[in-house]
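Peer 1: Have a look; sequence and predicted model below, questions after that.
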Amino acid sequence: EVSEDSVSLKAQVRFHSAEREPIELYYTFFGAEEGHVDDTADAFAAACLIKSMRVDEPLEIVSPISNRLHVMLPRIRDIYHTWWPALFKRVPIRTVPRSELPAAPRKTTATFFSGGVDSFYSLLKHHEEGVAAGRPLTYLVFMRGVETPIETTVGVEESEDWVRSVADELGVKTIFGITNVRTHVMSNWEKFDHGSALASIGLCLSPVIGHMCIPSAFSYAHQVPHGSSPLVDEMFSNEQMFIFHDGSEVTRPEKVAS
């Protein structure tokens, strides 16, 4: 849906169980133009996989998705089931890969930015080194309904003003938006879900961003089953966007010290 000041991507999600009401998931990006937001089901594939496993229902997506995601979703499922076999079931995945050739990735790079230690480290590292994934850092992405569920979010305008001031100081652009994926499909944001949620947001922006950074929570020396990891996050990439998990080369204290 395109309005004067935003572009929204929406999907109707139905459960196999009649006891569960359908939900409408959405991603809205403020100031975006038509063509800046991907209109495929890739984002919803990333958002709904972990939820499907948690409620033990098959994941079925009618619209064709990225061939890469089509291949990788079962691998992500198997990793989650291996990590938490009692919580995440090895459900069937029924998707159809797109047959048309994908567009070439954009030569732009973005990072998710919450203002915390991890996101500040990735921002400053790539800004100071001048390149991120071989390309200049172009955007900061800040979404409402991510760090805090929409229904409990307060002071978001002040946060966005602060993010904008940080971006202006460093000479990068900003992308702001809102989504309800945390409210409806996430069960434990920190432990299980935030990598897939951020990946789903990134995939929405694949028409304008070629590389999307998810700041790390742990170092490579301390990899544990977790909702965001270098093992899983990058599997959510499609042909237009490479999603990279960033910052695991150092520990949290080293990030603060730097």
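Peer 2: In hand now; what should we look at? Numbering: from 1, shown residues only.

Peer 1: Which residue ranges of the stretch 151-258 of the chain form strands?
Peer 2: 173-179, 211-215, 242-246 (DSSP state E, counting those that start in this stretch).

Peer 1: For residue 68, give its distance to residue 76.
Peer 2: For residue 68, the distance to residue 76 equals 12 Å [C-beta to C-beta, to the nearest Å]. In short, each C-beta sits where N, CA and C put it, glycine included.

Peer 1: neighbour-wise, which of those two wins?
Peer 2: In terms of neighbours (other C-beta atoms under 10 Å), residue 76 is the more surrounded of residue 68 and residue 76; the figures are 23 against 20.

Peer 1: The more buried one - that's part of a helix, no?
Peer 2: Yes - residue state for residue 76 (DSSP: H, G, I helix; E, B strand; the rest coil) corresponds to a helix.

Peer 1: Just list the residues touching it, thanks.
Peer 2: Applying C-beta atoms under 8 Å, 6 or more residues apart in numbering to residue 76 gives the contacts 49, 196, 232, 235, 236.

Peer 1: ditto for residue 222
Peer 2: Residues in contact with residue 222, defined by C-beta under 8 Å, 6+ apart, are residue 251.

Peer 1: Apply 10 Å and report the result again.
Peer 2: Residue 222 makes contacts with 248, 251, 252, as judged by C-beta atoms under 10 Å, 6 or more residues apart in numbering.

Peer 1: Am I right that residue 107 is in contact with residue 210?
Peer 2: Yes - with contact defined as C-beta atoms under 10 Å, residue 107 counts as touching residue 210 (5.9 Å).

Peer 1: between these two, which one's more packed in?
Peer 2: Neighbour count, other C-beta under 10 Å: between residue 107 and residue 210, residue 210 has more, with 21 against 12.

Peer 1: Quick check: the gap between that one and residue 106.
Peer 2: To residue 106, residue 210 is 4 Å away according to C-beta to C-beta.

Peer 1: mind putting the contacts of residue 222 in JSON lines, neighbour count included?
Peer 2: JSON lines is the format used below for the contacts of residue 222 (neighbours: other C-beta atoms under 10 Å):
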{"residue": "248", "neighbour count": "18"}
{"residue": "251", "neighbour count": "15"}
{"residue": "252", "neighbour count": "16"}
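
Peer 1: Thanks a lot, catch you later.
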